[in-house]
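# Need the 3D shape of this:
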Amino acid sequence: MTQVFPSMWASEAQPLSPTEVARLPARTNVVVAARARGITEVLHFTTTKGAIGIFHDGALKCRRDLPSEKHLEFVYSANAPDRSRDVDWHGYVNLSISKINLTMFNSSVQWHLEDGAMWVVLAFTIDILSAPGVVFTTSNNAYPTTHRAEGLAGFDQMFVDRVPWGYYGSVRRRYSGIDPSVTTDPQAEVLYPFALSLDRLATIYVRTEDCLERVEGILSHFPPTAPILLAPEVFA
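Numbering: from 1, shown residues only. Take a look at the predicted model:
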């Protein structure tokens, strides 16, 4: 894709209904492109409290569908307390490519300090990038400067030379030497429609021994899912 900023972005995506997504084709060329970049994982961070609901359902569900579910009443815990800026996209699951959004993660940790929250990162296989209706963003989906698009064009523009972000004319630049598997803006997102099955979960990362023991205890109540790895570097 030609490296552009910002006059030639791919066609802007809009939130779709389940019926509309069902009409869309899979985008296998996105997985080919991701593999060529050395991308091996698509990531989502959550608290161990949130993980209970995820493992119970066998799926990572979008924010819109979580609070209304009775069995999540005592385990649902939003990473961010205010999601009003991307309310139109609450029907999508927020994910990151190769590395978690550390800006968002560190803010979430601060919001949950009084909870004594422990954190896990769920790593999914890259074939989920080809699912119908997946949307790729150039920056944090809450920013007004963010561009969203589907398919290979949307995926490619996550790696262009310059990406606007934030509110004040800020720009992320893709400097030489950056790993091809990393998006230009570390806050770029993959928006997966509605619910992501744990059938595609490859690894569960934790950053402390205490968290490892807690997650092992949680998973003992559910069918086997994925290996748990102590990997503090994933959270840094």
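# Do a quick rundown of the strands in this structure.
Along the chain, the stretches classed as strands by DSSP state E are 42-47, 59-61, 92-97, 119-124, 135-137, 148-150, 162-165, 170-173, 190-193, 195-197, 201-206, 228-230.
# Off-centre distance for the fifth one?
Once both centres are worked out by Cα atoms, centre = their mean, to the nearest Å, strand 135-137 turns out to sit 10 Å from its chain's centre.
# Other residues contacting it?
Contacts with strand 135-137, where a contact means Cβ atoms under 8 Å, 6 or more residues apart in numbering, come from 13, 92, 146-150, 154-155, 157-158, 188-191, 193. For glycine as for every other residue, the C-beta is placed from the backbone atoms N, C-alpha and C.
# go again using 10 Å as the cut-off
10, 12-16, 30, 86, 89, 92, 94, 97, 129, 141, 143, 146-159, 163, 183, 185, 187-193 (Cβ atoms under 10 Å, 6 or more residues apart in numbering).
# Please pick the buried ones from these.
10, 13, 15-16, 30, 86, 89, 92, 94, 97, 129, 141, 143, 146-152, 154-159, 163, 183, 185, 187-193 (16 or more other Cβ atoms under 10 Å).
# ok so, going back, out of the strands of the chain, which gets nearest to V109?
Among the strands of the chain, strand 119-124 comes nearest to V109, with 7.0 Å by Cβ to Cβ.
# tell me which strands and helices that closest one is in contact with?
Counting contacts by 3 or more Cβ pairs under 10 Å, 6 or more residues apart in numbering; DSSP states H and E, strand 119-124 packs against strand 42-47, helix 48-57, strand 92-97, helix 102-111, strand 195-197, strand 201-206, helix 209-219, strand 228-230.
# Would you quantify the distance from the closest residue to F222 other than its chain neighbours to V190?
Nearest non-adjacent residue to F222, counting by Cβ to Cβ, 6 or more residues apart in numbering: F55, 4.5 Å away. Using Cβ to Cβ, to the nearest Å, we find F55 at a distance of 21 Å from V190.
# Then F136?
For F136 relative to V190 (Cβ to Cβ), the value is 6 Å.
# Now do the shared contacts for those two.
With contacts taken as Cβ under 10 Å, 6+ apart, F136 and V190 have I97, L129, G154, F155, M158, T183 as neighbours in common.
# I figured the last one hits W165, correct?
No. Under the criterion of Cβ atoms under 10 Å, T183 lies out of contact with W165, with a separation of 11.1 Å.
# Now the common contact residues for those two.
Counting by Cβ under 10 Å, 6+ apart, the contacts common to T183 and W165 are T138, S139, R172.
# Which one (most neighbours) among those?
T138 (31 neighbours; other Cβ atoms under 10 Å).
# Just give the number of residues close to the residue lying closest to A236 once chain neighbours are set aside.
Leaving aside its sequence neighbours, A236 sits nearest to L102 (Cβ to Cβ, 6+ apart; 7.5 Å). Close neighbours of L102, defined as other Cβ under 10 Å, add up to 14.
# please begin residue numbering at 65 from this point
Noted, 65 is the first residue going forward, which turns the last one into L166.
# for L166, what are its contacts?
F109, S160, P250, Q251, F299, A300.
# From F119, how far off is the fifth one?
According to Cβ to Cβ, F299 and F119 sit 20 Å apart.
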